[in-house]
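Student: Let me see the structure of the following:
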Amino acid sequence: MRLLVMTEGKPFGAKDAASTNFIYGDNLQAIVIATVGSPSIHVLLESITQYARELPVYISANSLELWGEVRKRLGNDRVIFRPNFAANFGDAYNQIVSYAFNTGHYDSLIIANDDVVLAPDTIEKMQADYDYVKKSFKVGFLGARSDYVLPAQNIRVAEEDDVFSALKWESELHIKMTDVIAPIFAAISKEAWETAQFPSTNWYSDNIICHDLGKAGYFHFVSRGYVHHAGSQTVGNDFKKCHEEPREWIKTNRPDMYEVFYG
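Tutor: You can find the predicted model right below:
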């Protein structure tokens, strides 16, 4: 996997002297979340309140009670709430992300799982990394690192000849190119989103959209930014069941990808 050196310099976001928040540039202009009511979303929202207070938040959910709690926590002026009647991850995010792009007129935004937690510098690093890679590449997904995610993004998986220093792997200080991003917390542009969207599945939705974007000339990257991921709070830990559920949909609708997962 190709490592890209992130040059040091002034931070991409200018820090507001009166708070711990950053005043962001033109990239990553909103956070979009779809949820079916995992308790983890309350921890995510608190981390957004603390570390990404300037960003509008779009939430797709099927609970008016949750909407009331979110409105109280984040305020009406920055939260856009939409009903979620989708039966799978792909359709749920396709609906709310498209709504955010179409109504908010953003150039790019962040897709977030409902069971992640931001670190104080997650947004700052992802903003800087996105700005850096888009200067030289047609960017598909820029995904955060995490502790429960695909190997390319996983901080538990070291690179070859990696060195553990200052409580982290040295490779975590660099941006990395990869073929597939699990978008548990990932940036995408409107241009890329209009090129490819998620299939109507839970598992393998990230593999398929990344494949389609790659065929269209986009490149995917792992950011230096980190989020904690509780993991499997929506689809559960029965991995055999998760693997089998999309089989017929993929066989019928994406036969070109069937052998990749079931060959």
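Student: Tell me which other helices or strands the helix or strand hosting Ile208 touches.
Tutor: Element membership of Ile208, judged by DSSP states H and E, is helix 205-215. Secondary-structure packing of helix 205-215 (3 or more Cβ pairs under 8 Å, 6 or more residues apart in numbering; DSSP states H and E): strand 139-145, helix 190-195, strand 219-229, helix 255-262. No exception for glycine: its C-beta is placed from N, CA and C like everyone else's.
Student: Turn these into a markdown table, including distance to Asn237, mean neighbour count and mean pLDDT.
Tutor: A markdown table is the format used below for these (distance: least, Cβ to Cβ, whole Å; neighbours: other Cβ atoms under 10 Å; pLDDT from 0 to 100):
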| stretch | distance to Asn237 | mean neighbour count | mean pLDDT |
| --- | --- | --- | --- |
| strand 139-145 | 22 | 28 | 98 |
| helix 190-195 | 30 | 17 | 98 |
| strand 219-229 | 13 | 25 | 98 |
| helix 255-262 | 19 | 13 | 97 |
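Student: Out of those, which is closest to Leu64?
Tutor: strand 219-229 (27.2 Å; Cβ to Cβ).
Student: Pull out the buried residues from the helix or strand following the closest one.
Tutor: Toward the C-terminal end, the helix or strand that comes next after strand 219-229 (DSSP H and E) is helix 239-244. Using 16 or more other Cβ atoms under 10 Å as the test for burial, helix 239-244 gives Cys242.
Student: One more: stretch 202-217?
Tutor: Buried, per 16+ other Cβ under 10 Å, within stretch 202-217: Asn202, Trp203, Tyr204, Ser205, Asp206, Asn207, Ile208, Ile209, Cys210, His211, Asp212, Leu213.
Student: Next one, pLDDT for the last one please.
Tutor: Leu213 carries a pLDDT value of 98.
Student: My read is that it contacts Trp193, right?
Tutor: No - judged on Cβ atoms under 8 Å, Leu213 makes no contact with Trp193 at a distance of 9.4 Å.
Student: Contact partners for Asn207?
Tutor: By Cβ atoms under 8 Å, 6 or more residues apart in numbering, the contact list for Asn207 reads Val180, Met257, Val260, Phe261.
Student: With adjacent residues omitted, what lies nearest to the first one?
Tutor: Put plainly, it is Val180. Cys210 (4.5 Å; Cβ to Cβ, 6 or more residues apart in numbering).
Student: Tell me, how many residues neighbour Asn88?
Tutor: Neighbourhood size, Asn88 [other Cβ atoms under 10 Å]: 20.
Student: Would you report the backbone torsion angles of it?
Tutor: Asn88 adopts backbone torsions of phi -160, psi 170, taken as degrees, to the nearest 10.
Student: Now do the same contact list for it.
Tutor: Per Cβ under 8 Å, 6+ apart, neighbours of Asn88: Ser200, Thr201, Asn202, Ser205.
Student: Give me the angle between the helix holding Ile208 and strand 139-145.
Tutor: Computed by axes from the mean of the first three to the mean of the last three Cα atoms, to 10 degrees, the angle separating helix 205-215 from strand 139-145 equals 140 degrees.
Student: Taking strand 219-229 as reference, get the angle to helix 205-215.
Tutor: 160 degrees.
Student: How far away from the center of its chain is helix 205-215?
Tutor: Centre-to-centre, helix 205-215 and its host chain are 14 Å apart (Cα atoms, centre = their mean, to the nearest Å).
Student: Could you do stretch 141-150 as well?
Tutor: 8 Å.
Student: And Ala216, how close does it get to Glu259?
Tutor: Separation of Ala216 from Glu259 (Cβ to Cβ, to the nearest Å): 21 Å.
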